[in-house]
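Chemist: Sequence plus the predicted model coming up.
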Amino acid sequence: MAAGLGSRFGGLKQLAAVGPAGESLLEYSLYDALEAGFSEPVVVIRPSMAETFSEVLLSRLPSHARPSVVFQEDPSPAHARQKPWGTGHALLCAEKTLESPFAVINADDFYGRQALLIIRTFLESAEPAGTDYCMAGYRLDRVLSPHGIVSRGICRVGTDGTLIAIREHKALERQGDRIVSLDPGGKTSELDDGEVISMNLWGFSPSIFSLARPIFQRFLLENRDSESAEFYLPHLVQTLVSEGRARVHVLPVEDRPLGLTFRQDLEDTRARIQALTAEGRYPSPLWNAGSAPAVGRNDDPK
């Protein structure tokens, strides 16, 4: 998913150069996904991004790593708005390209290969018509930015490892040795470092689309005149879980993800990518001839 405006970052963070040869985080995620055995990547962007996306990204990717491009367009042309309708709507825009179990990621986050391998392993046994899904669960103390307030989905997980509830906290930050959540009224609540967090790394089967469509249509009817309302993936998942129509397995991940919420996050992200490259985890340039990973089988998760 790469259609976000990046208002806090101040530009197209989906294409921001973080690698030694100018690679974006999305390229590292593509590389890791191919290494994990995924195939046929699909990228959801805004139509206005098409030319830049093609020039900056598609032109340097090898053929087997080049994604299909899907546009996230306003579903209400009579009331078109600049702001996309959120990650849940982005998922629905990709429906026609996804016929087997697949993973969903943000283009401006770096999840680590371990997380993609864990999701991939789960999806290997997923039924296309089944409603057992999965998500990567990170620790709260590993997903904050030192440069400002972030939004994260905090999860309540049952003893069987499945999701009970997910709540989007719009304003999380570290204050000294505490992690606090600020509500719109300015009230703060302290959170435990080990809270389970969703970073929008999901594993779904195609059954998600028939479940999501009517929920999005209701949301659109209620918010069609809004310039800011967004249909978030966590909202969709919460609705399905609370109504008992899907089960989501929370798969613990130990890696520390990276994200580009603020312009200042670039320095930390570049340093991390540089270190991983120096350790031999990634070639440089990333798409060196002969260094790209093999593509998964045709029936592999996407």
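Modeler: Sure thing, it's come through.
Chemist: May I ask you to name the longest helix in the protein?
Modeler: When the chain is parsed with DSSP state H, its longest helix is helix 207-223.
Chemist: Residues contacting that one, please?
Modeler: By Cβ atoms under 8 Å, 6 or more residues apart in numbering, the list of residues contacting helix 207-223 from outside reads 75-76, 85, 88-89, 91-92, 95, 98, 128-131, 133, 229, 231, 235-236, 239-240, 245-246. Where C-beta positions appear, they are placed from N, C-alpha and C, glycine not excepted.
Chemist: Pull the helix or strand that that helix is followed by out as CSV, backbone CA atoms only.
Modeler: Toward the C-terminus, helix 207-223 is succeeded by helix 233-242 as the next helix or strand (DSSP states H and E). C-alpha atoms of helix 233-242 as CSV (Å, rounded to 0.1, in the frame of the first residue of the first chain):
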residue,chain,number,x,y,z
LEU,A,233,-7.5,-1.9,7.9
PRO,A,234,-7.6,-2.2,11.7
HIS,A,235,-11.2,-0.9,11.7
LEU,A,236,-12.1,-3.6,9.1
VAL,A,237,-10.4,-6.3,11.1
GLN,A,238,-11.9,-5.2,14.4
THR,A,239,-15.4,-5.3,12.8
LEU,A,240,-14.9,-8.8,11.5
VAL,A,241,-13.5,-10.1,14.7
SER,A,242,-16.1,-8.5,17.0
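Chemist: Please state the offset of helix 233-242 from the chain centre?
Modeler: Between the centre of helix 233-242 and the centre of its host chain there is 15 Å, according to Cα atoms, centre = their mean, to the nearest Å.
Chemist: Show residues contacting it.
Modeler: 86-88, 91, 104, 131, 133, 135, 153, 163-168, 198, 200, 202, 211-212, 215-216, 219, 246-248.
Chemist: picking up where we left off before, restricted to strands, list the contacts of helix 207-223.
Modeler: Among the contacts of helix 207-223, the members falling in strands (DSSP state E) are residue 133.
Chemist: and the contacts of helix 207-223, which are buried?
Modeler: 75, 85, 88-89, 91-92, 98, 131, 133, 229, 231, 235-236, 239-240, 246 (16 or more other Cβ atoms under 10 Å).
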